[in-house]
Structure formats: structure tokens, C-alpha cells
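S.K.: here's my sequence, what's the structure:
(chains A and B)
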Amino acid sequence: MSLEGFLAASARGGAIPWSEELRAAREFGLSAREVEAAAFGAGLLPARYSRNAGTIGLAGQAVLHASCVAVAGCGGIGGHVIEQLARLGVGTIVAVDPDVFEESNLNRQILATVENLGLPKVEAAALRARAINPAVILRPLRARLDSRNAPSLLEGADVVADGLDTISARLELAGACARLGLPFVHAGVAGWYAQASTQAPGSSSLSDIYGHGTAPAERGVEAALGNPSFTPALAASLEAAEVCKLLLGLSGTLRGRLLHLDLLAMECAEFPI
Amino acid sequence: MTVTVKLFASLRTGRFDLRAMDFPADTSAAQAIAAAGVRPEEAAVVFVNSRHAAPDTVLADGDTLAIFPPVGGG
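M.R.: Numbering: from 1, shown residues only, chains lettered A, B, ... in the order given. I've put the predicted structure just below:
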């Protein structure tokens, strides 16, 4: 029996159960990722994506499976972005972060646990992605993404997601993305406040967000306000939805727009940037 | 002339959300920001009538000036 025939026979209500994906992987000597690629090719949806179907669709799910997203920083925003992209079914996630988990991360970073203290963030990200979705490849890169290493570390990426926590690192990466022709999905948080915007390839819109071309400070108002649990999770959700739309070629993205959310006043503002 | 000044995020703390302020003619965005009690480094993004504006932008009667602080955490 062909793999496609095996998968078609194992589908329940049009969806392939995980146990059958594993059986197919064993019988045909393939990885879970290869089995899912074959399923999409045969017009079959793995059951784990059944609640994506009405929003993403089979064709969109196949596009996400074939996509690669780089997440720069695996802390408050980046950790939640990785969690959501792995559940969404983005086939390759490149996670870049030089740091290990510290106690001050526990209040908001989804990958930070008491057991993970001292563990490199990218290692925790790889374990988490594997636990959620073994059909996703997470490439852990323990490095600080900068303009020098960006061309090699971002090789193959379709979109770059911002999980960084300093303004200078963001501006440097945004500049590298502009030169590499990559969309850069930005979000930043401080206290009750979050902002998000997408810098289109070749644009320098992020420099307009951080201070008029003058030398901006290393950190924003988060230096005084800190970051509670809910703001990075919100910012990450904005990024994940934005990444999904960019990969699927949907309209309504934050290209040329700065979205600002105030969770204290429960207000939302939007400006062209 | 009268300019509507809107503050966002933590810039509101101890100041105001929205205020109509009177300025002499040819007042710049930077001068209005200072008059609102906001330090230059606190005003990361400035919009005049919903358009991104440099600090030296000269304001006109009826303009709306929106000021955002730098939000840079992750």
C-alpha cells in the first residue's frame, strides 16, 4: 500500500489521528513531518489541525507546513510566539536567543518553569515544540541575532518575528531584515501597554517607531514599569496572527501601521507609520 | 492657536489623557511636548493629525498632537 493510500484508509471523518500518523511514520520509515507533508499532498488534514480548518483551510495549512519563521528572542513575547506557531503548524521555526532562564522570567515567559531555571531558552523552546507538535522542526540557535550573523542565521526564513527586549537590538535586526528582503513583525511591551507593527521588506519603518533617527535609549518605559504576564502574551498573539497572514498572503496586515493597546484603559489606537 | 494634545500609555500617569492647549503661532511639536510636561526622550513617536511627525514640525491651529513613549520590552 502506498503512503497516501495508508493515510486515506486511516482518516476518520476526513482527519488523520495522531496515532495513525505515528503508525505511518513507523511503517514507511518517515518522520512525522514527512508524513504530514504527504497527508497535505493527498488532501488530508491531520486531526490536530481540525480546529484550524475553518480559518486556515487545508491549502493554507499546507503552506504553513512548508514555511519557516525565525523568532528572535525566546523570552516573554518570543516564547508565546513559538508556542502559537508550533500549535498553528508552521513547519520550521528558527529560535534564536543567547540566554538561560532566570527567576525574573517566571512571571511572564511561558517557557520558563522552576525546572528550566538555568536552561538555555532555545533548548526549552525545542523541547516545548517537540512536546506540542513533533511534525514541526524547531532549530535552536543559542546566539544573539545581529546584523553580522543575520544573513546566515535567517537563511531560509520567510518571516522574522520580534521577541527582542532592547531597542538597539530591534533596530539592528530590523535593518538586517530590510537588507535581506524579509518582513519583520514587531511587537514591544511595557507594563499595561503593547504595540505592534510590521516592517515590510526594504522599509525602515521601525526606526520611525523608536525616536526620530536620533540615538534612542536602550530600553523604553518597561525599564520602570516591568512586564506582567498578560502583556507579552497579547503582543505574541498579535505577532502570531500577523505572521500567519503574511505566510498565507492575506490582507489586513500591520504593514505601514502602528497598533497600540492600552490594557489599563482597555483602549486601542492605530496610526500610519 | 489651540492644539489638542493626546498622551498615550504611561505618559498619562500624573498628566492627562487629552487636553486642548493654547500656544503662540509657529509653536513646534517639540515645544508643545515640553509644554505638556513630557521630556524629549519620553516622546518616542509623535503624530500630528495622525501622521508621523518630526519634533521640529510646526503646529497649526486645530491640529491634534499624539505622543507615545518608547515601548521596548519583550
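S.K.: what's the closest non-adjacent residue to B:Asp26?
M.R.: In space, and not counting its chain neighbours, B:Asp26 is closest to B:Val58: 5.6 Å by CB to CB, 6 or more residues apart in numbering or on different chains. From N, CA and C alone the C-beta is placed, and that goes for glycine too.
S.K.: can you check A:Ala224 too?
M.R.: Once flanking residues are discounted, A:Ala224 sits nearest to B:Ser10: 7.7 Å by CB to CB, 6+ apart.
S.K.: could you look up the SS state of the one you found?
M.R.: helix (DSSP: H, G, I helix; E, B strand; the rest coil).
S.K.: go on, the one 10 residues further on?
M.R.: State at B:Ala20, reduced to three classes by three-state DSSP: strand.
S.K.: now do the same contact list for it.
M.R.: Residues counted as contacts of B:Ala20 (CB atoms under 8 Å, 6 or more residues apart in numbering or on different chains) are B:2-5.
S.K.: how about the strands of chain B, start to end?
M.R.: B:2-7, B:18-22, B:45-48, B:51-52, B:64-68 (DSSP state E).
S.K.: distance from the longest one to the middle of the chain?
M.R.: So that's strand B:2-7. When C-alpha coordinates are averaged (CA atoms, centre = their mean, to the nearest Å), strand B:2-7 and its chain have centres 7 Å apart.
S.K.: what comes into contact with that strand?
M.R.: B:15-23, B:27, B:32, B:36, B:38, B:59, B:61-67.
S.K.: which among the residues you listed count as buried?
M.R.: Buried members of the contacts of strand B:2-7, scored by 16 or more other CB atoms under 10 Å in any protein chain shown, are B:21, B:23, B:27, B:32, B:36, B:38, B:59, B:63, B:65-67.
S.K.: contacts with chain A among these, please.
M.R.: For chain A, the contacts drawn from the buried ones among the contacts of strand B:2-7 by CB under 8 Å from any CB of the partner chain are B:Ala66.
S.K.: list just the nearest of the buried ones among the contacts of strand B:2-7 to chain A.
M.R.: Comparing the buried ones among the contacts of strand B:2-7 against chain A with CB to the nearest CB places B:Ala66 closest, at 6.9 Å.
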